[in-house]
Structures are given as structure tokens and as C-alpha cells.
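J.: just a sequence and a predicted model for now, questions to come.
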Amino acid sequence: MKKINLAVTGCLGRMGQQIIKSVKSNKKFKLVAVTENKKTHKKLQGLNISKNNLEVFKKTNLIIDFTIPKCTMEILKIALKLKKRVVIGTTGFTVKEESLIKKYSKKIPILKAGNMSLGINLLMYLTEITSKSLGDNFQSKVFEVHHKHKKDYPSGTALMLGKGIADGKNKNLYNLIGKKYLNKKTFPYGKKINFNSIRKGEIIGEHEVKFSSGKEIVTLNHEAFDRALYSEGALSAGEWLMTKKPGLYSMRDLMNFK
């Protein structure tokens, strides 16, 4: 079987390094390019670390990108010119950037997910079903814990879960986002979805969604113990994307949730 030529952007970041580690034990992929936004003379797996440009991505079949929104948008412009498939794990896009990604996906296959874990994507699906089933008599809130190095809050995953709540109610997430708390011991339910983010230690990721009617509480949660589950999920997404036509896909499509 022909190997998939892979480029990893943000190769010196936590997820970039984890993906490169996972590629070593995955015989379906061949790492052919590694990039960073800043110039460096370091090498990874015998490859020069390049800046993002047309030349470096020419030999690739697939780009896996865990960077920052500005960088992702630059990579997508290059991918569009070269007609390359892209898996996006970057989070924190603006509404305008989300719209551009959708536009690019009409020309190239893109799989975008705030979290590549199969378990988290199942949790999002269950969140949507729960939100739909419980209706407007229940208020909801989202709690998440990550390592102290994570700068953004709420996490992309917490926002994914918020979208699950909104989708269950047939509403737009941006109209339902309530207060965003950081490092609070407790936080309230509200008419909108409130979020609380804890940043401490080296915790890989904990997420919890609560629904309350005032008389009962329904809790859905997920804990991650190994960062490899994200990189392995990203590689599964990449392999799946290789057979797809242009379009914007999610882990939900990969997992065949209706």
C-alpha cells in the first residue's frame, strides 16, 4: 500500500511533536515536511524545519495543522493553490475565518475538529441528544480543565460541547454563549451557556457538561490521560480524508454519526 506523504505544521508545538511521534509507529504515513512559523536551523526526523511555503508542501498528500488561526489561514491559501487535503486541529477562529474555511472547502477536502479524540466527539454527540431531549426546562453549563500552558479559554473542545447544546436546541452557539470564567471554584447556571476553565499542572484535558432543571442534574463528562489519543485521532482523520471529495468534514462524519 502506498504511504500517505504527510506534512506537519507547528512541528515544535506540543501537538506537532505528538503527531510526529505517532507517525513513527504508523506504517500508513511517511513524514515528508515539517514547518514552523519562525525560521530555525533545527531538524526533525532528518527533515529541515521550513517556514510555510508552496515548495515545502508540493510533495505532500496531506497537511495536519495544529497552530494558531492566522497561521492556519496562510496554510489553507497554499493548500488551495496546490490542491492538498488539510486536517485542522487549530481552534479559536473568528466568524470571518470560519466562513473562509467553508469557502476553501468547496475546492479542497478539509476536516476540522476542535478535538480529535473519538471519545470527545462521542460526548459532543451525546450532549446534542441530551440538550434536545431535555428541552428548555433545563439550563446548561460547561466546565473544563487543562494544563497551565494552555492560553485560550474556554477550550476549543468546551466550545464544541457548547455547540452540541446549541444544536440540540436548534440555536446558534454565538447567540447562546454566556459568561466565561477562569479558575473559579464554582460557577452558576444561566439563561445562556456559562463556561468555566481551570488551568493547572500538566492536566491533558477534562470536560464536563451539566444540565439542571433545579430538581435534578444530568452530567456528561470525559477525561483524557494520554495526549497520543489526539494525534492518533488526527492521523485517523487524515487517512479517512484521503478518499473524500472537496468539502468541510468533522470527526462526526468520520464516526458516521447521523
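T.: Perfect, I can see it now.

J.: where are the low-confidence patches of this protein?
T.: 258 (pLDDT under 70).

J.: centroid residue for it?
T.: G114 (2.2 Å; CA atoms, centre = their mean).

J.: for the nearest residue to I19 once chain neighbours are set aside, give me its contacts.
T.: Nearest non-adjacent residue to I19, counting by CB to CB, 6 or more residues apart in numbering: S231, 4.4 Å away. Where C-beta positions appear, they are placed from N, C-alpha and C, glycine not excepted. Neighbouring residues of S231 by CB atoms under 8 Å, 6 or more residues apart in numbering: M15, Q18, I19, K21, S22, M116.

J.: what's around the nearest residue to the last one once chain neighbours are set aside, how many residues?
T.: Put plainly, it is M116. Spatial nearest neighbour of M116, chain neighbours left out: G233 (3.3 Å); criterion: CB to CB, 6+ apart. If you count neighbours by other CB atoms under 10 Å, G233 ends up with 23.

J.: likewise for F225?
T.: Neighbours of F225 using other CB under 10 Å come to 9.

J.: I figured it hits I204, correct?
T.: Yes: under the criterion of CB atoms under 8 Å, F225 makes contact with I204 at 6.5 Å.

J.: quick one, what contacts the nearest residue in space to R14 that is not next to it in sequence?
T.: Counting by CB to CB, 6+ apart, R14 lies nearest to R227, which is 7.2 Å off, once chain neighbours are set aside. R227 makes contact with R14, M15, Q18, I204, according to CB under 8 Å, 6+ apart.

J.: tell me, how many residues neighbour M255?
T.: Neighbours around M255, by other CB under 10 Å: 13.

J.: check contacts around it.
T.: L118, N121, L122, Y125.

J.: ok, I68 next?
T.: So I68 contacts G10, T90, G92 (CB under 8 Å, 6+ apart).

J.: how about the residue nearest to M116, secondary structure?
T.: For G233, the assignment made with DSSP: H, G, I helix; E, B strand; the rest coil gives helix.

J.: sorry, back to before: with the contacts of M255 in mind, which one is nearest to K77?
T.: N121 (27.7 Å; CB to CB).

J.: picking up where we left off before, got the contacts of I68 as a markdown table, with secondary structure and neighbour count columns?
T.: As requested, the contacts of I68 are exported to a markdown table (DSSP: H, G, I helix; E, B strand; the rest coil; neighbours: other CB atoms under 10 Å):
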| residue | secondary structure | neighbour count |
| --- | --- | --- |
| G10 | coil | 25 |
| T90 | coil | 23 |
| G92 | coil | 14 |
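
J.: all set now, cheers.
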